[in-house]
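Undergrad: coords below, sequence missing:
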């Protein structure tokens, strides 16, 4: 039989904001003989809610120290109180879980793994508890992208102006439907071509302008903008680098300074992978890379091998009067200029072919000559000899069954020029057995009597 003890029990809920609608209760029971003899009592802590599990509950004593508990089921824990001789006080608490480091990336999926321990010296950590996936709240982008230095390209023949920037990483989108917004004043908005470029049509080259860019998602635009100063472009050719030349042999690019060198402070070399689309020039899956150089430098060496990539050189001026980017690309260069620059690759390929033709031709001739070589081998080298067959009245030696080159003694090798000119055969005795001597393309057999 079990009964409830008349013990002082206090229920305290720490996380009132989390358990305002929950009904948490403390339950205790034990057998009287065990308590009367200074035995043990088990205290159970449970919260009657489908959203609160056993890992959310703790039991603490009157000093607000957490005591050791064990799991009973998915919603209940218990504490075993030993040597009970008087009234005692325990608290059943619903923990207020505090994440010390809030995830910094908005609109991203996370999995939270938690573990806990008792506030005792060297107490172990509990096994990790893994929550279901959750998505952090979306917000407006934290920053806009940055334009490339003098990152614009003007086509005076059709009035197009392209602008280029360094796109944001996906973790910085902060929300769905991410894009960019580019404008040059209230009345002129650019068409977004990719994650790193936009196009202004019918650009007025007679007036300077300021191009602004925002990052934008479903929550709105970024608070701040990046700006690009575009000068008057009616005389832009005098402020552009000239004669861009990409060298395939050493992966470098060279150029000549612009015609107008007053206030010239340096150059910017930009490069990017080629895109498969028609309008944007750079593949927006990778960042556009660039390097700022001094005004005295007219050559840039690339670290890796690149076969005619998209490369631009920009002349930078102190008063922002540069003519923009000059692209080394089939899309932006004239046919004659591109073929002139690209012809170095044809010359290199032709030289390689010429160098390889001669060795290949000599090798083929040698192989054909070797294929015409005839080798004459006496038939007897491939025929078995009957040891019981008599030759010239004498029986052949039994150990000679098949004539092979290894059976000839080195003594059979003779200096051919010393032979008599009128000899048709030569006599040689290896033993009492018959011998085989090759002479004048014939094989003769001679027996020498004792």
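TA: Structure's in. What do you need? Fair warning: this is a prediction, and the values are worked out from it, not measured in the lab. Numbers count the residues shown, from 1 in each chain.

Undergrad: drop to CA atoms for contacts and neighbour counts, all remaining ones
TA: Noted.

Undergrad: show me what contacts residue 112?
TA: With contact taken as C-alpha atoms under 8 Å, 6 or more residues apart in numbering, residue 112 is in contact with 130, 131, 132, 133.

Undergrad: run the last query once more with 10 Å
TA: Contact analysis of residue 112 by C-alpha atoms under 10 Å, 6 or more residues apart in numbering lists 99, 128, 129, 130, 131, 132, 133, 134.

Undergrad: could you do residue 60 as well?
TA: 12, 66, 67, 68, 69, 79, 89, 90, 91, 92, 93.

Undergrad: buried subset of those residues as a PyMOL selection?
TA: Burial among the contacts of residue 60 is assessed by 16 or more other C-alpha atoms under 10 Å; the matching PyMOL selection reads:
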select buried, resi 12+66+67+68+69+79+90+91+92+93
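
Undergrad: among the contacts of residue 60, which ones are in strands?
TA: Among the contacts of residue 60, the residues falling in strands (DSSP state E) are 79, 90, 91, 92, 93.

Undergrad: ok, so of these, who is nearest residue 220?
TA: Distance to residue 220 across these (C-alpha to C-alpha) is lowest for residue 93, with 42.2 Å.

Undergrad: neighbours around residue 270, how many?
TA: Residue 270 is flanked by 21 other residues according to other C-alpha atoms under 10 Å.

Undergrad: same check, this time on residue 155
TA: 14.

Undergrad: help me confirm that it comes into contact with residue 203.
TA: Yes. Counting by C-alpha atoms under 10 Å, residue 155 touches residue 203, with 9.2 Å between them.

Undergrad: so for these two, which residues contact both of them?
TA: Joint contacts of residue 155 and residue 203 (C-alpha under 10 Å, 6+ apart) are 161, 162, 233.

Undergrad: name the helix or strand for the first one, please.
TA: Using DSSP states H and E, residue 161 sits within strand 160-166.

Undergrad: ok, the last one next?
TA: Assigned by DSSP H and E, residue 233 falls within no helix or strand.

Undergrad: that one is in contact with residue 152, isn't it?
TA: No. Using C-alpha under 10 Å, residue 233 makes no contact with residue 152, being 11.1 Å away.

Undergrad: which residues are common contacts for these two?
TA: Common neighbours of residue 233 and residue 152 (C-alpha under 10 Å, 6+ apart) are 322, 323, 324.

Undergrad: could the ones in strands among the contacts of residue 60 go into a markdown table alongside distance to residue 46 and pLDDT?
TA: Putting these into a markdown table (distance: C-alpha to C-alpha, whole Å; pLDDT from 0 to 100) gives the following:
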| residue | distance to residue 46 | pLDDT |
| --- | --- | --- |
| 79 | 12 | 85 |
| 90 | 13 | 80 |
| 91 | 12 | 79 |
| 92 | 8 | 80 |
| 93 | 9 | 78 |
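
Undergrad: of those, just say which sits nearest to residue 244.
TA: Out of the ones in strands among the contacts of residue 60, the member with the shortest distance to residue 244 (by C-alpha to C-alpha) is residue 93, at 74.4 Å.

Undergrad: quick one: that closest one and residue 58 touch, right?
TA: Yes. Under the criterion of C-alpha under 10 Å, residue 93 makes contact with residue 58 at 5.2 Å.

Undergrad: overlap in contacts, the two.
TA: 45, 46, 66.

Undergrad: possible to save those as a markdown table with distance to residue 358 and pLDDT?
TA: A markdown table is the format used below for the shared contacts of residue 93 and residue 58 (distance: C-alpha to C-alpha, whole Å; pLDDT from 0 to 100):
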| residue | distance to residue 358 | pLDDT |
| --- | --- | --- |
| 45 | 93 | 83 |
| 46 | 91 | 79 |
| 66 | 89 | 83 |
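
Undergrad: next, format those as CSV and append distance to residue 356.
TA: Listed next are the shared contacts of residue 93 and residue 58 as CSV, based on distance: C-alpha to C-alpha, whole Å:
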residue, distance to residue 356
45, 87
46, 86
66, 84
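
Undergrad: which of the ones in strands among the contacts of residue 60 lies closest to residue 144?
TA: Using C-alpha to C-alpha, these come closest to residue 144 at residue 93, 46.6 Å.

Undergrad: look up how far residue 43 lies from the closest one.
TA: 13 Å (C-alpha to C-alpha, to the nearest Å).

Undergrad: go on, residue 113?
TA: Taken as C-alpha to C-alpha, the span from residue 113 to residue 43 is 28 Å.
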